[in-house]
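[1] just to be clear, the model below is a prediction. Sequence and coordinates:
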Amino acid sequence: MNIFKINIVLASNSPRRKELLESMGYIVEVVKLSMDESYPKTLNVKKIAEFIADKKMDTFFKQNEGFDGIVLTADTIVVKEGKILGKPTDKRQAFGYLKGLSNSCHEVITGVCIRFREYKICFSDISKVYFDKLSYEEIEYYINNFKVFDKAGGYAIQEWVGLAKISKIVGSYSNIVGLPTQKVYQNLKEI
């Protein structure tokens, strides 16, 4: 198998993951999943994204029994002081998330699961993100001009807030976008 000519089924609703994989040269087919993303409340917060990615893989194969290609699932969470900041449900919650991220550090964890026939591997990556102080006006501007409701933590690093207000990251940039591409590549090579 040529590592540069791989067809991948991406079982994800994230256009950013598709863009990242295509930027790496892969041919990507998207299959959208609708599923319950719950997890055991006793699960270590650093394992939640990986758990959900694995659960997405199980859901894909329940719906596509006998599929014989490469499938990739992923989940990204934002963690601030041990608390998960999911996708905000309204403007008030988005404002609260961004205010809480202002002038501080948080972690972005992406869990990934890759399966090809009987081979399956799940892994995760953690990046630290340092925000500058966000003013009330800056938060309002971001919420009013960008789609904050489909993003964990209410922001995307590749948009205005990431370009103007993130002072430092430690770890993988692509992991913060939604897929740790270097680790994905290494694991696809293993297949």
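    Noted; the coordinates are in hand.

[2] next one: stretch 167-175 to chain centre, how far?
    Taking C-alpha atoms, centre = their mean, to the nearest Å, one finds stretch 167-175 lying 13 Å from the centre of the chain it belongs to.

[3] contacting residues around it?
    Identification of contacts with stretch 167-175 by C-beta atoms under 8 Å, 6 or more residues apart in numbering yields 20, 76, 108, 110, 125-132, 157, 176, 180-183. Placement of C-beta: from N, CA and C, glycine included.

[4] those in strands, which ones?
    Mapping the contacts of stretch 167-175 onto strands (DSSP state E) picks out 76, 108, 110, 125-131.

[5] avg pLDDT for the helix ranked longest in the chain?
    Using DSSP state H to define each element, the chain has its longest helix at helix 48-63. The average pLDDT for helix 48-63 rounds to 96.

[6] show me what that helix is packed against.
    With contacts taken as 3 or more C-beta pairs under 8 Å, 6 or more residues apart in numbering; DSSP states H and E, helix 48-63 sits against strand 70-80, strand 105-116, strand 119-131.

[7] so which bits of that helix are buried?
    48-57, 59-60 (16 or more other C-beta atoms under 10 Å).
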